[in-house]
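Q: Got a predicted structure plus its sequence, pasted below:
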Amino acid sequence: MTVATTKSAYWAGVRDGLPFIVMVVPFALLFGVVGIEAGLSMAQTMSFSVLVIAGASQFAALQLMLENAAIGFVLLAALAVNLRMAMYSAALAPHLGAAPFWQRALVGYLNFDQSYMASIAKYEDNPQMTLPAKVAYFLGVALVISPLWCVFTYIGARLGATVPADIEIAFILPIAFLSMVAPMLKSLAHVAAAFVSLIVAISLAGLPAGSGLLIAAVCAMLTGVVVETWMERAKR
Amino acid sequence: MNYTQSEIWLIIGIMAVGTFAIRFSFLGLIGAGAIHPLIERMLRFTPVAVLPGMVAPLVLWPTSAGGEPTLWHFMAAAAALGVAYKTRKVVWGMLAGCAIFFGPLIIGLL
């Protein structure tokens, strides 16, 4: 593994991370504005974005805090929203598990939807990628997104109530996630898994934040494996 | 919001530690060790198993429309999905979805 190819993997990650800027910037701004309006201090709003660095759970926590929910409930609900990332961690382990501890810790800190999705797609399309190149690519994607998340939280917090929080912009989120998942629908098994995820999540939408999604994801993964096995048998 | 300053810091602190623990979990514990082949097969479906379930409620019941399904939100979502599937490129799907969604808003503003 030469330094040059690790570097080029890093820059490939940076390039693939660029489209996500259009979803990260408005959400970070929005969190800054809403955080200050809810009554958090500048230091508290920034600590959320820098230390927790998980948009959906930050909004969930803020929403519950506005309703003066019990602290235990705020924590439970907000962390439940992040539980899907344990699955990301497990899915990354076969690829990055042999990396040095500090690199795995850094990947863990930066393991969010966009960095995970972009990286796992890249690893699957390029099975010959070396370990340093895989780590470099992941960090390339993550380090485009995470500084912007923090900087635009700060800008939003400074602007505070002066900007109207336009909620239409929030629809960028589903548009971006659908664009991310579509190229990953490589086989009937993948399509079946996606379909089950959709149906189960909609049916369980009434459950507390995050829990319906976890059940939907496990059902979908099992469906994927079953359909894949069935397809392999049909081929023989 | 009726929390003391230290309570707010407690929430932020536990969320930070908890979120890191979740994200690091398997990367930290397993390291280079083997994951059961069946579990590994399941995990390869993680993206397609998580994302559709995550976005479905947002498309079906968009908050900006007061939680009612609209053809507009549905068409923008379908454009993103369809174009990204055909081109196999994330960025084209995002552009198509944004064009359908924000196009009418922008034209309406002019």
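A: Great, that's in hand. Numbers count the residues shown, from 1 in each chain, chains lettered A, B, ... in the order given.
Q: Please count neighbours and contacts with C-alpha atoms only from this point.
A: Will do.
Q: The lowest-mean-pLDDT helix or strand in chain B close to chain A?
A: Within chain B, no helix or strand scores below helix B:37-43, which has a mean of 84 by mean pLDDT, DSSP states H and E. Yes - using CA under 8 Å from any CA of the partner chain, helix B:37-43 reaches chain A at B:E40, B:R41, B:M42, B:L43.
Q: A:Y123: which of these is nearest?
A: A:Y123 lies nearest to B:L43 out of the residues of helix B:37-43 next to chain A, by CA to CA, at 13.6 Å.
Q: Quick check: that closest one vs A:S187, distance?
A: The gap separating B:L43 from A:S187 is 15 Å, by CA to CA, to the nearest Å.
Q: These two - which one has more neighbours?
A: The residue with more neighbours, out of B:L43 and A:S187, is B:L43; 23 against 13, by other CA atoms under 10 Å in any protein chain shown.
Q: circling back: which members of the residues of helix B:37-43 next to chain A are classed as buried?
A: Neighbour counting with 16 or more other CA atoms under 10 Å in any protein chain shown marks B:R41, B:M42, B:L43 as buried within those.
Q: Same list, those residues, but as TSV with distance to A:I21 please.
A: Compiled in TSV, these are given as follows (distance: CA to CA, whole Å):
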residue	distance to A:I21
B:R41	31
B:M42	30
B:L43	27
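Q: returning to what we had before: what sits up against the least confident helix or strand of chain B?
A: The contact list for helix B:37-43, computed with CA atoms under 8 Å, 6 or more residues apart in numbering or on different chains, reads A:M87, A:A90, A:A91, A:M221, A:L222, A:G224, A:V225.
Q: Does the helix ranked longest in chain A pack against any helices or strands, and if so which?
A: Identified as the longest helix of chain A according to DSSP state H is helix A:131-159. In terms of contacts (3 or more CA pairs under 8 Å, 6 or more residues apart in numbering or on different chains; DSSP states H and E), helix A:131-159 is packed against helix A:3-17, helix A:21-38, helix A:42-47, helix A:84-96, helix A:101-109, helix A:113-125.
Q: which residues touch B:N2?
A: Contact analysis of B:N2 by CA under 8 Å, 6+ apart lists A:N68.
Q: Name the SS class of it, please.
A: What DSSP: H, G, I helix; E, B strand; the rest coil gives for B:N2 is coil.
Q: gap between it and A:W11?
A: Look at B:N2 and A:W11: by CA to CA, they are 46 Å apart.
Q: Any idea how many residues pack against residue 38?
A: Went with chain A since none was named. Around A:A38 there are 15 residues (other CA under 10 Å).
Q: right idea, wrong chain: chain B
A: When neighbours are defined as other CA under 10 Å, B:L38 has 10 of them.
Q: Grab the most central residue of chain A for me.
A: By CA atoms, centre = their mean, the mean C-alpha position of chain A lies nearest to A:D113, the distance being 1.4 Å.
Q: excluding its backbone neighbours, what's nearest it?
A: A:M85 (7.8 Å; CA to CA, 6 or more residues apart in numbering or on different chains).
Q: what does A:T5 give?
A: A:A133 (7.0 Å).
Q: I figured that neighbour was touching A:A12, is that so?
A: No - between A:A133 and A:A12 there is no contact under CA atoms under 8 Å: 10.0 Å.
Q: Got the domain ranges for chain B?
A: Listed by automatic domain parsing, the domain ranges of chain B are B:1-33, B:45-109.
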